[in-house]
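S.K.: structure for the following, please:
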Amino acid sequence: MRIVSLLPSATEIVYALNLGEELVGITHECDWPPQARSKRIVSHSTLPTGASPAEVDRMVSASLEGGTPIYRLDHEAIRELRPDVVITQDLCAVCAVPSGHVHEALDLLGCPAEVVSLDPSSLDDVLDCVVQVGRVSGTDRQAEACVAQLRDRLDRVKRSVAGLDRPRTFALEWGDPPFNGGHWVPEMIEAAGGESLLGSHGTPSVRLTWETIRTAAPDAVVFMPCGYNLEAAIREGKTLMDRPELAVVQQFFAADASAYFSRP
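M.R.: Numbering: from 1, shown residues only. Below you'll find the predicted structure:
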């Protein structure tokens with residue numbers, strides 16, 4: 001089997017199921033596990049590097065409104081790789097290549113590959129994605145074992161925080177303009193012992209105002225900017241900590257979103 005992954009989380013699932021040898025193509029964002037970086041890159045972002053958060057937001061909004069893609073597929077690379085399976089998503093047009101664009105590209109290339117779309121909204125959905133990849137790749141048993149281990153880890157975390165104080169926690173997914181963490185993130189916060197503010201289980205992230213955040217009066221803010229590494233998140237987070245709306249926040253954390261939140 002020849003697999004192309006257009007989703008960093010799918011790349012991690014592929015390796016977790018010991019399918020690294022079958023993986024032939026990845027995205028420019030697939031950086032884990034390290035051996036994935038040796039695979040051929042078949043998609044790239046059309047956004048320029050070095051743009052400020054506000055500039056990125058404006059460019060993304062303009063692309064979505066105009067129907068222009070944020071990601072560019074390398075048709076020639078896909079043709080040469082001859083995939084049997086292409087894994088993508090439809091959850092977020094900003095996060096990765098939507099399945100509709102993949103179908104169009106494969107039709108244009110005359111490639112009969114099966115397109116698998118992973119679209120989790122909750123932690124249970126995330127675990128189901130592992131099962132889904134296991135099913136299409138014939139590694140059902142490995143997938144079931146992997147899911148069992150992950151459920152055990154979740155249960156151990158929940159038990160370890162049971163009975164402790166639950167800090168009112170706000171997940172900040174983007175800083176300018178502010179967006180909350182959506183989908184599975186509120187569930188993660190509560191599983192880890194917090195009370196999630198300004199976000200509901202299974203719902204997409206939305207744009208907020210700083211006044212809304214101030215009124216919510218979080219005890220803690222976890223800044224998890226999508227696409228930023230830890231160093232960049234810390235740098236951007238320091239500018240946000242000076243905002244008067246966050247003056248009462250007792251704790252402010254910057255996190256590597258890809259490692260812990262935005263890449264299920």
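
S.K.: so where's the stretch 151-264 of the chain shaky on pLDDT?
M.R.: 264 (pLDDT under 70).

S.K.: any chance you could map the helices in it?
M.R.: Taking DSSP state H, counting those that start in this stretch to define them, one finds helices in the stretch 151-264 of the chain at 185-191, 210-216, 230-240, 257-260.

S.K.: ditto for the stretch 1-150 of the chain
M.R.: Going by DSSP H, counting those that start in this stretch, the stretch 1-150 of the chain shows helices at 8-16, 53-66, 75-81, 99-109, 123-137, 140-161.

S.K.: related to what we said a few turns ago, which of the helices of the stretch 151-264 of the chain is buried the deepest?
M.R.: Greatest average neighbour count among the helices of the stretch 151-264 of the chain goes to helix 185-191 (a mean of 21), per mean count of other CB atoms under 10 Å. C-beta: built from backbone N, CA, C; applies to glycine.

S.K.: break the protein into its domains for me.
M.R.: 3-121, 168-260 (automatic domain parsing).

S.K.: in TSV: those, plus distance to Val130.
M.R.: Listed next are these as TSV, based on distance: least, CB to CB, whole Å:
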stretch	distance to Val130
domain 3-121	5
domain 168-260	14
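
S.K.: so what's the closest residue to Gly134 other than its chain neighbours scoring on pLDDT?
M.R.: Excluding its sequence neighbours, the residue lying closest to Gly134 (CB to CB, 6 or more residues apart in numbering) is Ala143, at 2.5 Å. pLDDT recorded at Ala143 is 98.

S.K.: circling back to that earlier point, for Arg58, find the nearest of the helices of the stretch 151-264 of the chain.
M.R.: Closest to Arg58 of those, according to CB to CB: helix 230-240, at 16.5 Å.

S.K.: okay, the angle between the closest one and helix 53-66?
M.R.: For helix 230-240 and helix 53-66, the angle between their directions (axes from the mean of the first three to the mean of the last three CA atoms, to 10 degrees) works out to 100 degrees.

S.K.: now do helix 230-240: which elements does it pack against?
M.R.: With contacts taken as 3 or more CB pairs under 8 Å, 6 or more residues apart in numbering; DSSP states H and E, helix 230-240 sits against strand 168-175, strand 220-223, strand 251-254.

S.K.: switch the cut-off to 7 Å
M.R.: strand 220-223, strand 251-254 (3 or more CB pairs under 7 Å, 6 or more residues apart in numbering; DSSP states H and E).
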